[in-house]
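> model this:
(3 chains)
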Amino acid sequence: MAALTSVGETPLDAPAKRPPGMQAGRRRRLNIFRYVVFTVFGAFFLLPLLAMLRFSLEGANLGTWSVTAWKQIASYQGSGIPPLISSIEITLELAVITCAVMLVLLVPTMIWVQLRVRWLARTIEFLCLLPLTIPAIVLVVGLAEIYDRLQRLTLSALMLFWVYVILALPYAYRALAAGLGAIDVKTLSEAARSLGASWFTVMVRVIAPNMRQGILNAVLLTWSLVLGEFTIAYLLLYNNLQVELYSISRNTPNAGVLFATSFAVLLFAFALLLILSYAGRRRGIRG
Amino acid sequence: MAVAATTEAGARPARARRRPSAPAWAGTVPFFAYVAIFLLWPTGIVVVHALKNPNGAWAFSNIGELGNPLVRGYFLGSFKLCLLSSVAGAVLGAVLAYAVASGDPDGSIRRLYVAVSGVLAQFGGVTLAFAFLVLIGPVGLLFHASWYFEFPWGITLIYTYFQIPLMVLVFLPAIDGLKAQWREASENLGSSAWQYWRYVGGPLLAPAFLGAALLLFANALSAFATIEAWENQIAYVVPQQIQTAMSSEVGLSNVNVADLLALGMVIMVAIVMTAYALLQRRAARWLR
Amino acid sequence: MTSSPVTRTQDGAARTGVEVRMEELSRHYGPVVALDRLDLTLQPGELVALLGPSGCGKTTTLRLLAGLEDADSGRITVGGRDLTHVSAAKRDMGMVFQAYSLFPHMTVRQNVAFGLRLRKVGAAARDKRGLEMLDLVGLSTQADRYPHQLSGGQQQRVALARALAIEPQVLLLDEPLSALDAKVRAQLRDEIRRIQLEVGITTLFVTHDQEEALAIADRVGVMKEGRLEQLAPPTEVYSRPATPFVAEFVGLSNRLSGEVRGGSVIVRGCTLPLVEAATPDGQAVALVRPEAVTLAPHDTPESGPLAGTVIAVTFLGATSRVSVDLGDATVLAQLPTSEAATLPAGSRVTLTIRPDPVLVSADASPAAAGEDE
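Numbering: from 1, shown residues only, chains lettered A, B, ... in the order given. So this is what the prediction gives:
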């Protein structure tokens, strides 16, 4: 699924002003509205998650509780398929590699373009957003033919990272662009240059550290994307986490370990996001 | 790079003899090369193969195959599913976004919902389909929804689950962009809440809303994992049919089916994304 | 907190407009008291400027009057009508905000006509009135432009036109010039005053810029921490400040130690009359305006309480500020630049203090000369 989050667009570090005082009646009505909305939507979002959690804690007989499924994650092996844990490993490694390559590819390029080659900015933006228009399912058709020639069966799933970086481009680009846009790149670089810094120093020691929030966002988005990627791995016959979960479901539909793993992945992503949200909180003068 | 100093007219600082250096754009070559190989090349392959016969000759008429009733059926299926889920997601997401935006900008509720939206918007595919299966499927914990395996109802519900958070993420900045002064000025001039939304708030948010809805549409269009996990025996939508085409020999006449369908998808998504971009520009002008 | 007699325009005609009366208004945000039983009455047709530092409550007062917030207690009466519990939309007031209040998706024309549209005024009448207002602010040629195509000053004019189009009873201005360039600010300030006089509408003007307040107001209300320190015509606020805070907030003040005796204060050998004749005898700190201090060069190294050395001269255009070291105190004097030019740093000078009435502060710690606000 082409997930189109734009955490980079949304201010995780929220707008600095606080809501102005309001007439009492209006504030009351607004608060009622808010609580109703949060409750209803909260329930809607929670129910499937709770169902998953409940199922992951299902015991041998229906209605009982047990943590077997969770304990099984490390050792689970479906009939005739590689163990779950290896696909988890592979996916995690893929995530790390993809993040690294994405950063190395995008961050210097974007900073460089901002500093020295402004006229290319639009082109870069277009290319980075292109994967939104060329969904994974389409890419895979073209890739299949390439990978075919490369005797894909002998390649480890880690080779997927080449494509994953592309998939991550739109989200990473937006996050980095937001981070870059929040600082005055031109002034900072001119100041550093006038003090004698080389272009490399400017990029690495002046600009990049100020983009920390944007970089964190981009990493997080890429990470989530890789953890959730199914389409390309599946169609190119590789075994990553989601594909593995899918096979398990096809063979043992009610395997609690399925839900335990999914839930764990979800919690992990959520924790990361929360940490990010608080880490990026704007320090300094409030309202 | 020598920094030219401003001096009196006519005087020029002596420059060090410059070694011929690479032009600045050379620094972007790695990026372009990467994108060319892993994005443009596969796409090119798809486009080219879609427009060629199996024997290698160009056949632009292949595009006509997209009008084939069978193919049309899949596109219609995609369209139905995407329309339903994006409208539902847009409207519900807008309501939720408004509730989030109208609170303390730094408060924990906002942080929570933004974080939750960030996670759930990505949460699709295999696990989401199973979660719903467990919730309202045949052995559902909550109840058994008889319509769960009916297309498009069950799958629309599932899609809506991740469309709403996506809407929140995309639309929230727009609502934040509604300045308090507009509301106050409007009130001060005599408007009721309804009049404010009708004449000021609504029109201002409309481009952003439509744009976001389009984004949701494109998102649903491209989705594959979720519906595949929901029901993989029958292909209802284009992505599923692409998969079938890729893994079987059965095709339509001489055409490379998978490539053609992929091309059709690209066209559809491209139209939607262009409209989205235009609307975003309009919204940005007002709400930044 | 003295009220003034009915105000009159330049040519003596009594103004139209309604009386605005705010009684015992209080407002707090949690533990913070924004307004503390404020009493403020605006005479029909007068322009009162509320002046004070951030957080003093001036904007809160305005917003309470506008109905954008509810007071915790107190009463608001406009033209005899009790508006305390009336919603903002029904108060019939026009408000100009600091910035960003024009609706960006409407043209200037549509913005100005918006209030009329809400009141179901017909298209033709709306148009006519709208153009009238745009004429008043001098922007009728821009009627079909969008706000983002106008400069800051122009936008504020449109905002003013929009506020006046509905013929409100009261005009409220919330720091309307703060977001503008200095030059535009001065121009627009005078225009606002001209228009206000022409229309004769009772106006409340909030600002943190004392120059603005002194320049255009009929009366100035200096506020501090939710209370009115003084409400009086500009000249009075400046030359007869009611409290030390006012003396130091409006204009500069030198703090010089002296002794109060029988209705005057003796500062460094000079006898100065007091603003408050009934001040008890004793040690005190006198607040002396820089323009009341004159300097004369002295060649011979004379000593005495009024002899000193020039430390620095700050060029301000037509006038200059000279700081003088008297040994045990530093004094600021404001002189015409031509005079100050003859007194470079290091020259010996003798001070003269003009006998303007001064305020004394009970605070017996003479610091350096008061700071700019």
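> so how far is residue B:70 from residue A:140?
Computed as Cβ to Cβ, to the nearest Å, the residue A:140 to residue B:70 distance reads 22 Å. For the C-beta atoms, the positions are set from N, CA and C on the backbone; glycine is no exception.
> of those two, who's got more company?
residue A:140 (26 against 10; other Cβ atoms under 10 Å in any protein chain shown).
> name the SS class of the more buried one, please.
helix (DSSP: H, G, I helix; E, B strand; the rest coil).
> same deal with residue C:204?
strand.
> any weak-confidence spans in the chain?
Unless you meant another one, I'm taking chain A. Low-confidence segments of chain A, defined by pLDDT under 70: A:1-22, A:59-63, A:74-75, A:77-82, A:147-155, A:157, A:253-255, A:277, A:279-287.
> think we crossed wires, I meant chain B
B:1-21, B:54, B:248-255, B:288.
> and the residue of it found nearest chain C, backbone torsions?
Nearest to chain C in chain B, going by Cβ to the nearest Cβ, is residue B:189, at a distance of 3.7 Å. Note on residue B:189: its backbone torsions stand at phi -80, psi 0 [degrees, to the nearest 10].
> pretty sure residue C:103 contacts residue B:202?
No - using Cβ atoms under 8 Å, residue C:103 makes no contact with residue B:202, being 11.7 Å away.
> higher neighbour count, the two?
For residue C:103 versus residue B:202, the count of surrounding residues by other Cβ under 10 Å is larger for residue C:103: 23 against 13.
> let me know the next secondary structure element after the one helix or strand residue B:94 maps to.
Using DSSP states H and E, residue B:94 sits in helix B:69-101. Following helix B:69-101 in sequence order, the next helix or strand is helix B:108-122 (DSSP H and E).
> gap between that following helix and the chain center?
18 Å (Cα atoms, centre = their mean, to the nearest Å).
> related to what we said a few turns ago, just checking, what packs against the helix holding residue B:94?
helix A:24-56, helix B:108-122, helix B:153-176, helix B:202-222, helix B:238-247, helix B:257-287 (3 or more Cβ pairs under 8 Å, 6 or more residues apart in numbering or on different chains; DSSP states H and E).
> show me which residues of chain C are close to chain A?
Residues of chain C lying near chain A by Cβ under 8 Å from any Cβ of the partner chain: C:29, C:63, C:67, C:68, C:69, C:70, C:87, C:88.
> just give the nearest non-adjacent residue to the last one, would you?
Right, the one you point to is residue C:88. residue C:67 (3.4 Å; Cβ to Cβ, 6 or more residues apart in numbering or on different chains).
> per-residue pLDDT, that neighbour?
Here the pLDDT value assigned to residue C:67 is 92.
> for it, phi and psi?
Taking degrees, to the nearest 10 as the convention, residue C:67 sits at phi 90, psi 10.
> quick one: it from residue B:198, how far?
21 Å.
> and for residue B:176?
Counting by Cβ to Cβ - residue B:176 and residue B:198 are separated by 21 Å.
> tell me which of the two has more neighbours.
residue B:176 (17 against 12).
> wait, that one touches residue B:101, no?
Yes - Residue B:176 lies in contact with residue B:101 (Cβ under 8 Å); the separation is 5.7 Å.
> what is in contact with those two at once?
Counting by Cβ atoms under 8 Å, 6 or more residues apart in numbering or on different chains, residue B:176 and residue B:101 have no contacts in common.
> list phi and psi for the residue lying closest to residue B:109 once chain neighbours are set aside.
Once flanking residues are discounted, residue B:109 sits nearest to residue B:103: 5.6 Å by Cβ to Cβ, 6+ apart. According to degrees, to the nearest 10, the main-chain angles of residue B:103 amount to phi -100, psi -170.
> residue B:103 - how many residues pack around it?
18.
> thought it was touching residue B:112?
No - between residue B:103 and residue B:112 there is no contact, the gap being 10.7 Å when judged by Cβ under 8 Å.
> residue nearest the centroid of chain C?
residue C:213 (2.5 Å; Cα atoms, centre = their mean).
> gap between that residue and chain B?
Distance, residue C:213 to chain B, by Cβ to the nearest Cβ, to the nearest Å: 23 Å.
> ok, that residue to residue A:179 distance?
43 Å.
> could you do residue C:102 as well?
31 Å.
> one more: residue C:21?
53 Å.
> report the beta-bridge partners for residue C:331.
Counting by DSSP bridges, residue C:331 forms beta bridges with residue C:324.
> contacting residues for it?
Residue C:331 sits in contact with C:254, C:256, C:288, C:293, C:308, C:323, C:324, C:351, C:369, where contact means Cβ under 8 Å, 6+ apart.
> re earlier: who are the contact partners of the residue nearest to the centre of chain C?
C:49, C:50, C:51, C:205, C:207, C:220, C:234.
> at 6 Å instead, please
C:49, C:51, C:207, C:220 (Cβ atoms under 6 Å, 6 or more residues apart in numbering or on different chains).
> and residue A:237, how many neighbours?
Counted with other Cβ under 10 Å, residue A:237 comes out at 13.
> surely it forms part of a strand?
No - if the criterion is three-state DSSP, then residue A:237 is coil and not within a strand.
> distance of it from residue B:247?
Taking Cβ to Cβ, one finds residue A:237 at 10 Å from residue B:247.
> pLDDT at the closest residue to chain B within the stretch 101-250 of chain C, what is it?
Minimum separation of the stretch 101-250 of chain C from chain B (Cβ to the nearest Cβ) falls at residue C:115, amounting to 3.7 Å. Here, the pLDDT recorded for residue C:115 equals 92.
> so is it in a helix, a strand, or just coil?
Under three-state DSSP, residue C:115 comes out as helix.
> can you pull the contacts of it?
Here residue C:115 is in contact with B:189, B:190, C:165, C:166 (Cβ under 6 Å, 6+ apart).
> on that earlier part again, for residue A:186, which of the helices and strands packed on helix B:69-101 is the nearest?
helix B:257-287 (21.0 Å; Cβ to Cβ).
> and that closest one, what does it pack against?
Identification of packing neighbours for helix B:257-287 by 3 or more Cβ pairs under 6 Å, 6 or more residues apart in numbering or on different chains; DSSP states H and E yields helix A:121-133, helix A:136-149, helix B:41-50, helix B:202-222, helix B:238-247.
> out of these, flag the one nearest residue A:44.
Using Cβ to Cβ, those put helix B:202-222 closest to residue A:44, at 16.7 Å.
> the closest one packs against which elements?
helix B:69-101, helix B:153-176, helix B:257-287.
> okay, buried residues for it please.
Buried residues in helix B:202-222, defined by neighbour count with 16 or more other Cβ atoms under 10 Å in any protein chain shown: B:204-222.
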